[in-house]
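Visitor: Can you look at this prediction? I've put the sequence above it.
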Amino acid sequence: MSSRLSFGFPLSVAVRTDVGRVRTNNEDSHGHAWLDDGSLFVIVADGMGGHEAGEVASGLAVRVVEEIVGNDTSADPRERLYNGLLEANEEILREGRASNTSGMGTTAITGVFKGPEIYIGQVGDSRLFHIRKGQLVWRTLDHTRVQMLLDTGEISEEEARSHPESGMLTRALGHSRMADGRTLVPDVLDEPIEIAEDDTVVLSSDGLHDLLEDWEIAQMVAGRTAAEAAELLVEAACDRGGHDNVTVAVVIAGTRGQDYDPDFEPDWQQEDAWDEPPGHAEETYDDLPSEMGDPEDTEVELRTEPEVEAVSPVAMLAASEPEANGRGMFMGIAALGVVGVGALVVALLAAAGLGAWYAFG
């Protein structure tokens, strides 16, 4: 575990990764670094493409994004995250062509912690959770077909948890286009989220949140140090079956997260907050093929996650989900705040053909 003051604000970080109980190699990668200006950079990347290829893609994403984000700390963190994710995408595409590795790619969730502010960038279904008093305050939305169906009201939160297309990504680093045919664009929050003292932030690959509910993640980190929370989360995912690699980075605004308070209700849980998740960059998908496309748009075999039997929650938690957390806790990650990106996307739309769902394995 590493702890420092960032712009006078205490931060501690710990990371834990595990191959899981089914896979034979770990395709997840992660990184964190204290930057020259005192901010903290954290990234979790979940590779795909099979043995070696997936870990190469995720490793490239971590290295390239960290290098660009840390290169000029006087520049806007949003611009650095956006450029870093774009350059990582290009680097993975180049490596895929050079090694003839079809389908190599990765997700990425990354943040720059600048005192109490967190600037967030995302591609894929790795997530960031903001937790206070053992309850979820905010989290990112996935770039998946299931999230699109949720956005359009075609399925419910309950149906989303066991949907057969839960592994279908709509964008991933190492793929030149998104599922709707547009050139790949990273999602960068246009304004930072703000954390308070003793808040906890969790960045994770889907090996964690595929097996643990949001409310369980929130309660598990309550009252714990970053190192204790990261270890407990990874162990819980492995105990649930560990069908995938699992990587967790935990950042606490202090040395220990706040204890669980069942009576605490974050403001955003109010009823009117659910009409339209603020800032979520909603995607549109019409007449899309069902096959996965590789970086050069040739067809490859669709891959899906192995089936995992349901198991009971860990004994330390309540047997049922608390009512205050029973609605999935979805809050949106905002549309890009980088000037000129919209114009670039519009210019490229005409040339872009239809993409495909990316099956994350």
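Guide: On my side now, so go ahead. Numbers count the residues shown, from 1 in each chain.
Visitor: Where do the strands of the stretch 151-300 of the chain begin and end?
Guide: When assigned using DSSP state E, counting those that start in this stretch, the strands of the stretch 151-300 of the chain occupy the ranges 168-169, 187-188, 193-194, 200-204, 246-252.
Visitor: Now do the last one against strand 200-204, angle only.
Guide: For strand 246-252 against strand 200-204, the angle between stretch directions is 160 degrees (axes from the mean of the first three to the mean of the last three C-alpha atoms, to 10 degrees).
Visitor: which strands and helices sit next to strand 246-252?
Guide: strand 9-18, strand 28-34, strand 40-48, strand 200-204, helix 206-209, helix 226-239 (3 or more C-beta pairs under 8 Å, 6 or more residues apart in numbering; DSSP states H and E). In this view, the C-beta of every residue, glycine as well, is placed from N, C-alpha and C.
Visitor: In CSV, list the ones you listed along with mean pLDDT, distance to residue 215 and mean neighbour count.
Guide: Converted to CSV, these look like this (pLDDT from 0 to 100; distance: least, C-beta to C-beta, whole Å; neighbours: other C-beta atoms under 10 Å):
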stretch, mean pLDDT, distance to residue 215, mean neighbour count
strand 9-18, 98, 21, 21
strand 28-34, 98, 24, 21
strand 40-48, 97, 21, 28
strand 200-204, 98, 13, 29
helix 206-209, 96, 11, 26
helix 226-239, 98, 13, 21
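Visitor: so can I have JSON lines of those showing distance to residue 173?
Guide: As requested, these are exported to JSON lines (distance: least, C-beta to C-beta, whole Å):
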{"stretch": "strand 9-18", "distance to residue 173": "18"}
{"stretch": "strand 28-34", "distance to residue 173": "11"}
{"stretch": "strand 40-48", "distance to residue 173": "8"}
{"stretch": "strand 200-204", "distance to residue 173": "16"}
{"stretch": "helix 206-209", "distance to residue 173": "15"}
{"stretch": "helix 226-239", "distance to residue 173": "23"}
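Visitor: looking at these, which is closest to residue 257?
Guide: strand 200-204 (4.0 Å; C-beta to C-beta).
Visitor: Strand partners (parallel or antiparallel) of the closest one?
Guide: For strand 200-204, the paired strands and their directions (DSSP bridges) are strand 127-132 (antiparallel), strand 246-252 (antiparallel).
Visitor: Out of the strands of the stretch 151-300 of the chain, which gets nearest to residue 104?
Guide: Judging the strands of the stretch 151-300 of the chain by C-beta to C-beta, what sits closest to residue 104 is strand 168-169, at 13.6 Å.
Visitor: That closest one - contacts with which helices or strands?
Guide: In this structure, strand 168-169 packs against helix 145-151, strand 358-359, with contacts taken as 3+ C-beta pairs under 8 Å, 6+ apart.
Visitor: hey, which of the ones you listed is tucked in deepest?
Guide: For the helices and strands packed on strand 168-169, ranked by mean neighbour count under the definition mean count of other C-beta atoms under 10 Å, the leader is strand 358-359 at a mean of 26.
Visitor: now the helix or strand harbouring residue 111, how far from the chain's geometric center?
Guide: Of the helices and strands defined by DSSP states H and E, residue 111 is found in strand 105-114. Between the centre of strand 105-114 and the centre of its host chain there is 7 Å, according to C-alpha atoms, centre = their mean, to the nearest Å.
Visitor: which residues are contacting the following helix or strand past that strand?
Guide: Heading C-terminal from strand 105-114, the first helix or strand you meet, by DSSP H and E, is strand 117-123. Strand 117-123 has contacts (C-beta atoms under 8 Å, 6 or more residues apart in numbering) with 65, 77-78, 81-82, 84-85, 89, 107-112, 128, 130, 140, 143, 171-173, 184, 186-189, 192-195, 201, 333.
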